[in-house]
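Trainee: Just a sequence and a predicted model for now, questions to come.
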Amino acid sequence: MANFINGVSFKLNICLLIYGVLFLSAGGLCQSVPAVYIFGDSLVDVGNNNYLSLSIFKANFPHNGVDFPTGEATGRFSNGKNTADFLAEKVGLPTAQPYLSLVLESKFPITGVNFASGGAGLFDRTGDIFKQVIPMSQQVEYYSLVHGQLVQQLGVDGARIHLSKSLFMIVIGGNDLFHYFRNNSKVSKEYTPQQYVDLMASTIKQFMQRLYGMDARKFVVTGVAVIGCCPSQRKQTTANECNGEANYWSTKYNDGLKALLQDLKSELSDINYSHFDTYGAMDNIIQDPQAYGFAEIKDACCGFGNMKADLPCIPIATYCSNRRDHLFWDRVHPTEAVSSLFADLLYNGSQKFTFPINVEQLVKL
């Protein structure tokens with residue numbers, strides 16, 4: 001027994017030595033996913049908007065966070081955790097901290113950073129209605145600073161190896177479509193819907209190419225959800241039905257996203273990706289909620305008025321007690337239960353929703 005314990009101790013010490021000494025030069029040999037970098041909007045924002053003094057789109061107040069482990073609002077647009085949290089848990093890493101919480105120290109965790117911002121879009125002006133957000137272009141610029149620090153810390157080769165094993169998750173696009181279909185939208189007068197979704201697809205491709213130029217090789221990219229069925233969209237129809245036009249163009253964008261990912265793989269053979277069909281996964285819940293343990297797919301849990309979608313989830317709002325039964329937490333965001341389900345499907349689901357491989361398979365490449 002003593003020999004066995006000594007043997008285990010020796011192996012553990014060797015692994016710790018590799019982690020402590022070679023991790024910095026070889027990207028980490030004891031961790032298959034050394035880091036997760038998150039880009040996107042409020043679906044994966046873990047608190048960046050808390051640091052935007054002019055932003056009117058924040059979630060750092062009750063009733064947000066009512067089911068978070070601390071029971072406090074953290075800046076997540078959810079009753080609890082979001083998909084960024086659950087993905088980190090799946091790969092055995094801590095949730096990547098918000099970039100703006102780290103920037104004053106100018107020192108970033110080697111396990112990843114979250115750049116996502118509530119209200120952000122692929123286009124800079126998408127977030128104008130919220131006064132201040134971090135658009136995708138700025139998120140990529142922030143990553144370039146983190147990349148520069150990694151190069152200084154690990155060396156060019158060390159940073160390249162470290163980042164080539166890391167996951168780069170991109171969850172964005174919904175706000176751009178909301179922006180287009182907003183009443184009296186200026187952008188809808190400049191582009192036809194087809195031109196707009198094509199521009200969205202070409203824009204996200206450019207961002208991915210920039211990230212590739214800074215050593216990103218493993219991408220997790222989600223399509224946009226059934227945005228026309230959000231409570232904020234339903235309440236605008238006569239019978240609280242889904243906004244068919246918004247949903248139609250969501251599917252058109254998703255089709256373009258799938259095509260560009262395949263094109264990108266053919267152009268850059270050393271990248272790999274996992275694409276999650278958020279639309280299909282959410283539509284399945286809407287069509288058969290009981291199969292997934294949901295009872296309420298139309299009304300928000302937290303809010304005011306018609307479908308609890310007349311106002312956001314603010315401190316004076318009311319919220320439901322059966323949050324696990326609801327598809328939507330507020331007028332646009334899913335509940336923690338939905339985020340957990342999506343993370344499960346994304347991580348080890350079948351090709352029904354995750355193409356061409358799931359994240360568990362992506363990690364092993």
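Mentor: Received, thanks. Residues are numbered from 1 along each chain as shown.
Trainee: residues contacting residue 226?
Mentor: Contacts for residue 226 (C-beta atoms under 8 Å, 6 or more residues apart in numbering) come out as 242, 247, 250, 279, 282-283, 286. To be clear about C-beta, it is placed using only N, CA and C from the backbone, and glycine gets the same treatment.
Trainee: From the residues you listed, keep the buried residues only.
Mentor: Among the contacts of residue 226, those scoring as buried are 242, 247, 250, 279, 282-283 (criterion: 16 or more other C-beta atoms under 10 Å).
Trainee: Which of those residues lies at the shortest distance from residue 154?
Mentor: Set against residue 154, the nearest of the buried ones among the contacts of residue 226 by C-beta to C-beta is residue 279 (38.1 Å).
Trainee: quick one: that closest one from residue 250, how far?
Mentor: According to C-beta to C-beta, to the nearest Å, residue 279 stands 6 Å off from residue 250.
Trainee: All the helices of the protein, in order from the start?
Mentor: Using DSSP state H, the helices of the chain run over residues 2-17, 23-26, 83-90, 99-102, 136-165, 174-181, 187-190, 193-213, 231-234, 244-267, 278-287, 336-348, 359-364.
Trainee: Same list, those helices, but as CSV with distance to residue 40 please.
Mentor: Output for these, formatted as CSV (distance: least, C-beta to C-beta, whole Å):
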stretch, distance to residue 40
helix 2-17, 33
helix 23-26, 27
helix 83-90, 8
helix 99-102, 12
helix 136-165, 8
helix 174-181, 9
helix 187-190, 20
helix 193-213, 11
helix 231-234, 19
helix 244-267, 14
helix 278-287, 12
helix 336-348, 13
helix 359-364, 15
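Trainee: Just the pLDDT at the nearest residue to residue 229 once chain neighbours are set aside, thanks.
Mentor: Take residue 229 and drop its neighbours on the chain: the residue closest to it by C-beta to C-beta, 6 or more residues apart in numbering is residue 242, 4.1 Å away. pLDDT for residue 242: 97.
Trainee: Then residue 105?
Mentor: At residue 105, the predicted lDDT confidence score is 81.
Trainee: list the contacts for residue 246?
Mentor: 177, 181, 227-228, 233.
Trainee: Now tabulate those in a markdown table and tack on pLDDT.
Mentor: Converted to a markdown table, the contacts of residue 246 look like this (pLDDT from 0 to 100):
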| residue | pLDDT |
| --- | --- |
| 177 | 98 |
| 181 | 93 |
| 227 | 97 |
| 228 | 97 |
| 233 | 96 |
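Trainee: wait, which of those residues is closest to residue 317?
Mentor: Proximity of those to residue 317 (C-beta to C-beta) peaks at residue 233, which lies at 18.9 Å.
Trainee: correct me, but the closest one touches residue 244?
Mentor: No - here residue 233 does not reach residue 244: they are 10.0 Å apart, not a contact under C-beta atoms under 8 Å.
Trainee: Which parts of this protein belong to which domain?
Mentor: Domain segmentation of the chain under automatic domain parsing yields 1-30, 33-364.
Trainee: and among those, the most buried is which?
Mentor: Of all these, domain 33-364 has the most neighbours on average by mean count of other C-beta atoms under 10 Å, namely a mean of 19.
Trainee: how far does that domain stretch from start to finish?
Mentor: Taking C-alpha to C-alpha, to the nearest Å, domain 33-364 runs 9 Å from one end to the other.
Trainee: Equivalent analysis for stretch 262-273, please.
Mentor: Taking C-alpha to C-alpha, stretch 262-273 runs 9 Å from one end to the other.
Trainee: List the contacts of that stretch.
Mentor: Stretch 262-273 is contacted by residues 205, 208-209, 212, 216-221, 261, 356-357, 362, 365 when judged by C-beta under 8 Å, 6+ apart.
Trainee: redo that, cut-off 7 Å
Mentor: Applying C-beta atoms under 7 Å, 6 or more residues apart in numbering, the external contacts of stretch 262-273 come out as 205, 208, 212, 217-219, 221, 261, 362, 365.
Trainee: Likewise for stretch 286-295?
Mentor: Contact with stretch 286-295 is made by 226, 229, 285, 297, 325-327, 341, as judged by C-beta under 7 Å, 6+ apart.
Trainee: do stretch 297-306 as well
Mentor: With contact meaning C-beta under 7 Å, 6+ apart, stretch 297-306 is reached by 63, 79, 231, 234-235, 240, 285-286, 289, 307-313, 317, 319-320, 323, 326-331, 335.
Trainee: distance between that stretch and the chain's centre?
Mentor: For stretch 297-306, the separation from the chain centroid amounts to 23 Å (computed by C-alpha atoms, centre = their mean, to the nearest Å).
Trainee: got it, and stretch 78-97?
Mentor: Per C-alpha atoms, centre = their mean, the centroid offset for stretch 78-97 relative to its chain is 10 Å.
Trainee: Could I have the CA atoms of that stretch written out in CSV?
Mentor: Once non-C-alpha atoms are left out, stretch 78-97 reads as follows in CSV (Å, rounded to 0.1, in the frame of the first residue of the first chain):
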residue,chain,number,x,y,z
SER,A,78,-30.5,35.1,-16.1
ASN,A,79,-32.0,33.8,-13.0
GLY,A,80,-28.8,31.8,-12.5
LYS,A,81,-25.9,30.6,-14.6
ASN,A,82,-25.7,31.0,-18.4
THR,A,83,-24.1,28.9,-21.2
ALA,A,84,-20.6,30.3,-20.6
ASP,A,85,-20.7,29.0,-17.0
PHE,A,86,-21.9,25.6,-18.0
LEU,A,87,-19.4,25.2,-20.9
ALA,A,88,-16.6,26.0,-18.5
GLU,A,89,-17.9,23.4,-16.1
LYS,A,90,-18.0,20.8,-18.9
VAL,A,91,-14.3,21.3,-19.7
GLY,A,92,-13.2,21.5,-16.1
LEU,A,93,-12.3,25.2,-16.0
PRO,A,94,-13.4,28.1,-13.9
THR,A,95,-15.9,30.5,-15.6
ALA,A,96,-13.8,33.0,-17.6
GLN,A,97,-13.9,36.3,-15.9
